[in-house]
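Chemist: Quick one, structure for this:
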Amino acid sequence: MSTICTDSNREKLEEFMRANLKESRYRHSLGVEKMAVKLAELHGGDVEKAAFAGRYHDIAKCFDNETMDEYIVLYDLPRELLGNNALAHSKVAAAILEHEFGVRDQEVLDAVRYHTTCRKDMTLLDEIVYVADVVEDNRTYSDLEYYQQLAYRDLDQACLEIIEYTIGDLRQKGRKLDKDTAEARAYIVDKINTSD
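Modeler: This is a model prediction of the structure:
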(Lines give C-alpha, C1' and ligand atoms only; values in the text may rest on other atoms or scores of the structure.)
Protein backbone atom coordinates (compact mmCIF):
# COMPACT_ATOMS: atom_id res chain seq x y z
CA MET A 1 0.00 0.00 0.00
CA SER A 2 1.23 3.47 -0.87
CA THR A 3 1.93 5.90 1.93
CA ILE A 4 1.28 8.80 -0.46
CA CYS A 5 -2.32 8.06 -1.43
CA THR A 6 -4.94 5.61 -0.12
CA ASP A 7 -5.78 2.66 -2.35
CA SER A 8 -9.32 3.95 -2.98
CA ASN A 9 -8.06 7.42 -3.88
CA ARG A 10 -5.39 5.85 -6.09
CA GLU A 11 -8.09 3.99 -8.03
CA LYS A 12 -10.04 7.23 -8.49
CA LEU A 13 -6.85 9.03 -9.49
CA GLU A 14 -6.14 6.40 -12.15
CA GLU A 15 -9.68 6.87 -13.51
CA PHE A 16 -9.22 10.66 -13.51
CA MET A 17 -5.93 10.36 -15.33
CA ARG A 18 -7.32 8.05 -18.02
CA ALA A 19 -10.39 10.27 -18.49
CA ASN A 20 -8.43 13.52 -18.80
CA LEU A 21 -5.27 12.67 -20.73
CA LYS A 22 -4.85 12.04 -24.42
CA GLU A 23 -3.29 8.66 -25.16
CA SER A 24 0.08 10.20 -26.08
CA ARG A 25 0.15 12.20 -22.82
CA TYR A 26 -0.78 9.09 -20.86
CA ARG A 27 2.14 7.21 -22.45
CA HIS A 28 4.41 10.16 -21.66
CA SER A 29 3.29 10.07 -18.00
CA LEU A 30 4.11 6.37 -17.73
CA GLY A 31 7.47 7.11 -19.36
CA VAL A 32 8.20 9.85 -16.82
CA GLU A 33 7.27 7.46 -14.00
CA LYS A 34 9.70 4.85 -15.35
CA MET A 35 12.51 7.37 -15.86
CA ALA A 36 11.92 8.99 -12.46
CA VAL A 37 12.27 5.59 -10.81
CA LYS A 38 15.52 4.95 -12.69
CA LEU A 39 16.94 8.36 -11.74
CA ALA A 40 15.87 7.90 -8.12
CA GLU A 41 17.63 4.54 -8.00
CA LEU A 42 20.79 5.99 -9.57
CA HIS A 43 20.93 9.12 -7.42
CA GLY A 44 19.65 7.92 -4.05
CA GLY A 45 16.13 9.35 -4.27
CA ASP A 46 12.88 8.03 -2.83
CA VAL A 47 11.68 5.58 -5.48
CA GLU A 48 8.02 5.51 -4.34
CA LYS A 49 7.75 9.31 -4.36
CA ALA A 50 9.55 9.56 -7.70
CA ALA A 51 7.19 6.99 -9.24
CA PHE A 52 4.08 8.72 -7.92
CA ALA A 53 5.10 12.28 -8.85
CA GLY A 54 6.35 11.12 -12.25
CA ARG A 55 3.15 9.25 -13.05
CA TYR A 56 0.76 12.03 -12.04
CA HIS A 57 2.75 15.19 -12.84
CA ASP A 58 0.69 15.97 -15.96
CA ILE A 59 -2.85 15.07 -14.87
CA ALA A 60 -4.04 18.61 -15.75
CA LYS A 61 -2.00 18.97 -18.97
CA CYS A 62 -4.83 18.31 -21.41
CA PHE A 63 -7.45 20.61 -19.86
CA ASP A 64 -8.87 23.23 -22.17
CA ASN A 65 -8.43 26.90 -21.22
CA GLU A 66 -11.85 27.19 -19.60
CA THR A 67 -11.40 24.10 -17.40
CA MET A 68 -7.88 25.14 -16.39
CA ASP A 69 -9.06 28.63 -15.45
CA GLU A 70 -11.93 27.16 -13.41
CA TYR A 71 -9.45 25.12 -11.36
CA ILE A 72 -7.19 28.16 -10.91
CA VAL A 73 -10.11 30.10 -9.45
CA LEU A 74 -11.43 27.13 -7.45
CA TYR A 75 -8.11 26.54 -5.70
CA ASP A 76 -7.24 30.24 -5.41
CA LEU A 77 -4.04 29.88 -7.41
CA PRO A 78 -2.16 32.98 -8.65
CA ARG A 79 -4.26 34.91 -11.16
CA GLU A 80 -1.30 35.30 -13.55
CA LEU A 81 -1.83 31.62 -14.36
CA LEU A 82 -5.19 32.38 -15.98
CA GLY A 83 -5.00 31.74 -19.72
CA ASN A 84 -1.51 30.27 -19.42
CA ASN A 85 -2.00 26.50 -19.58
CA ALA A 86 1.70 25.79 -20.15
CA LEU A 87 2.57 27.30 -16.78
CA ALA A 88 -0.69 26.53 -14.97
CA HIS A 89 -0.97 22.78 -15.54
CA SER A 90 1.67 21.86 -12.97
CA LYS A 91 0.19 24.11 -10.27
CA VAL A 92 -3.33 22.85 -10.99
CA ALA A 93 -2.14 19.23 -10.96
CA ALA A 94 -0.64 19.66 -7.48
CA ALA A 95 -3.84 21.30 -6.22
CA ILE A 96 -5.98 18.48 -7.62
CA LEU A 97 -3.73 15.82 -6.07
CA GLU A 98 -3.95 17.55 -2.70
CA HIS A 99 -7.60 18.58 -2.58
CA GLU A 100 -9.32 15.87 -4.59
CA PHE A 101 -7.15 12.81 -3.96
CA GLY A 102 -5.85 13.44 -0.45
CA VAL A 103 -2.13 13.64 -1.23
CA ARG A 104 -0.47 15.31 1.77
CA ASP A 105 3.20 14.62 1.03
CA GLN A 106 4.59 18.12 0.49
CA GLU A 107 7.68 16.87 -1.31
CA VAL A 108 5.57 15.02 -3.87
CA LEU A 109 3.22 17.98 -4.29
CA ASP A 110 6.16 20.36 -4.81
CA ALA A 111 7.80 18.05 -7.36
CA VAL A 112 4.55 18.12 -9.36
CA ARG A 113 4.01 21.85 -8.76
CA TYR A 114 7.46 22.85 -10.04
CA HIS A 115 8.05 20.28 -12.77
CA THR A 116 7.76 22.93 -15.51
CA THR A 117 9.64 25.81 -13.88
CA CYS A 118 11.87 24.30 -11.18
CA ARG A 119 12.59 26.60 -8.24
CA LYS A 120 15.34 27.74 -5.92
CA ASP A 121 16.25 25.25 -3.20
CA MET A 122 15.12 22.34 -5.37
CA THR A 123 14.94 18.98 -3.64
CA LEU A 124 16.39 15.85 -5.16
CA LEU A 125 12.83 14.78 -6.00
CA ASP A 126 12.18 18.11 -7.77
CA GLU A 127 15.24 17.55 -9.93
CA ILE A 128 14.36 13.93 -10.65
CA VAL A 129 10.85 14.74 -11.88
CA TYR A 130 11.97 17.82 -13.82
CA VAL A 131 14.71 15.92 -15.64
CA ALA A 132 12.64 12.74 -16.11
CA ASP A 133 9.92 14.82 -17.79
CA VAL A 134 12.43 15.86 -20.46
CA VAL A 135 14.42 12.64 -20.90
CA GLU A 136 11.80 9.89 -20.73
CA ASP A 137 12.05 7.32 -23.54
CA ASN A 138 8.98 8.50 -25.51
CA ARG A 139 10.57 11.86 -26.28
CA THR A 140 11.72 12.17 -29.89
CA TYR A 141 14.14 15.12 -30.09
CA SER A 142 17.61 14.54 -31.53
CA ASP A 143 19.64 15.10 -28.33
CA LEU A 144 17.57 12.71 -26.20
CA GLU A 145 20.32 10.13 -25.74
CA TYR A 146 22.85 12.81 -24.77
CA TYR A 147 20.53 14.19 -22.08
CA GLN A 148 19.64 10.71 -20.81
CA GLN A 149 23.29 9.73 -20.43
CA LEU A 150 24.03 13.03 -18.71
CA ALA A 151 21.10 12.52 -16.33
CA TYR A 152 22.36 9.06 -15.41
CA ARG A 153 25.85 10.42 -14.64
CA ASP A 154 25.21 13.90 -13.23
CA LEU A 155 21.67 14.93 -12.34
CA ASP A 156 22.63 18.49 -11.35
CA GLN A 157 24.42 19.12 -14.66
CA ALA A 158 21.51 17.63 -16.62
CA CYS A 159 19.11 19.86 -14.70
CA LEU A 160 21.23 22.93 -15.44
CA GLU A 161 21.56 22.18 -19.14
CA ILE A 162 17.81 21.59 -19.47
CA ILE A 163 17.05 24.84 -17.63
CA GLU A 164 19.47 26.73 -19.88
CA TYR A 165 17.91 25.20 -22.99
CA THR A 166 14.46 26.18 -21.72
CA ILE A 167 15.56 29.77 -21.01
CA GLY A 168 17.05 30.06 -24.50
CA ASP A 169 13.92 28.61 -26.09
CA LEU A 170 11.64 31.02 -24.20
CA ARG A 171 13.79 34.01 -25.21
CA GLN A 172 13.82 32.90 -28.84
CA LYS A 173 10.02 32.69 -28.81
CA GLY A 174 9.74 36.08 -27.07
CA ARG A 175 8.03 34.56 -24.05
CA LYS A 176 8.43 35.70 -20.48
CA LEU A 177 10.77 33.77 -18.21
CA ASP A 178 9.14 32.67 -14.96
CA LYS A 179 11.01 33.95 -11.91
CA ASP A 180 11.11 30.42 -10.45
CA THR A 181 13.12 29.25 -13.47
CA ALA A 182 15.60 32.12 -13.16
CA GLU A 183 16.00 31.39 -9.45
CA ALA A 184 16.36 27.67 -10.16
CA ARG A 185 19.19 28.34 -12.59
CA ALA A 186 21.04 30.48 -10.05
CA TYR A 187 20.47 27.83 -7.37
CA ILE A 188 21.74 24.92 -9.46
CA VAL A 189 24.79 26.86 -10.69
CA ASP A 190 25.67 27.66 -7.07
CA LYS A 191 25.10 24.03 -6.05
CA ILE A 192 27.39 22.76 -8.82
CA ASN A 193 30.08 25.36 -8.05
CA THR A 194 30.10 24.61 -4.32
CA SER A 195 30.35 20.85 -4.90
CA ASP A 196 33.42 21.18 -7.17
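Chemist: From now on I want contacts and neighbour counts done on CA atoms only, so please keep to that.
Modeler: OK.
Chemist: any idea how far the residue nearest in space to the middle of the chain is from residue 66?
Modeler: Centroid-nearest residue in the chain: residue 115, 2.5 Å away (criterion: C-alpha atoms, centre = their mean). For residue 115, the distance to residue 66 equals 22 Å [C-alpha to C-alpha, to the nearest Å].
Chemist: And residue 142, by the same measure?
Modeler: Distance from residue 142 to residue 66, by C-alpha to C-alpha: 34 Å.
Chemist: Between those two, point out the one with more neighbours.
Modeler: Per other C-alpha atoms under 10 Å, whichever of residue 142 and residue 66 has more neighbours is residue 66, with 12 against 8.
Chemist: all helices for this structure, in order.
Modeler: Ranges of helices in the chain, per DSSP state H, are 7-20, 23-43, 47-56, 65-74, 85-101, 106-113, 124-135, 144-153, 155-172, 179-195.
Chemist: what about the second one, average pLDDT?
Modeler: The average pLDDT within helix 23-43 is 98.
Chemist: and for it, what are the contacting residues?
Modeler: Outside helix 23-43, the residues within contact range by C-alpha atoms under 8 Å, 6 or more residues apart in numbering are 17-18, 45-48, 50-58, 125, 128-129, 132-133, 135-139, 151-152, 155.
Chemist: Could you identify the buried members of the residues you listed?
Modeler: Using 16 or more other C-alpha atoms under 10 Å as the burial test, these include 17, 45-48, 50-58, 125, 128-129, 132-133, 135-138, 151-152, 155 as buried.
Chemist: give me the low-pLDDT residue ranges for this structure?
Modeler: Counting by pLDDT under 70, the ranges of the chain that qualify are 1-2, 196.
Chemist: Pick the most deeply packed of the helices of the chain.
Modeler: A comparison of the helices of the chain by mean neighbour count, using mean count of other C-alpha atoms under 10 Å, puts helix 124-135 on top with a mean of 26.
Chemist: got the angle between it and helix 155-172?
Modeler: 60 degrees (axes from the mean of the first three to the mean of the last three C-alpha atoms, to 10 degrees).
Chemist: and helix 124-135 with helix 23-43, angle?
Modeler: Using the same axes, to 10 degrees: helix 124-135 against helix 23-43 is 130 degrees.
Chemist: tell me what helix 124-135 is packed against?
Modeler: Using 3 or more C-alpha pairs under 8 Å, 6 or more residues apart in numbering; DSSP states H and E, the elements in contact with helix 124-135 are helix 23-43, helix 47-56, helix 106-113, helix 144-153, helix 155-172.
Chemist: hang on, the earlier thing: for the residue nearest to the centre of the chain, which non-adjacent residue is spatially closest?
Modeler: Closest residue in space to residue 115, ignoring its immediate chain neighbours: residue 130 at 4.7 Å, by C-alpha to C-alpha, 6 or more residues apart in numbering.
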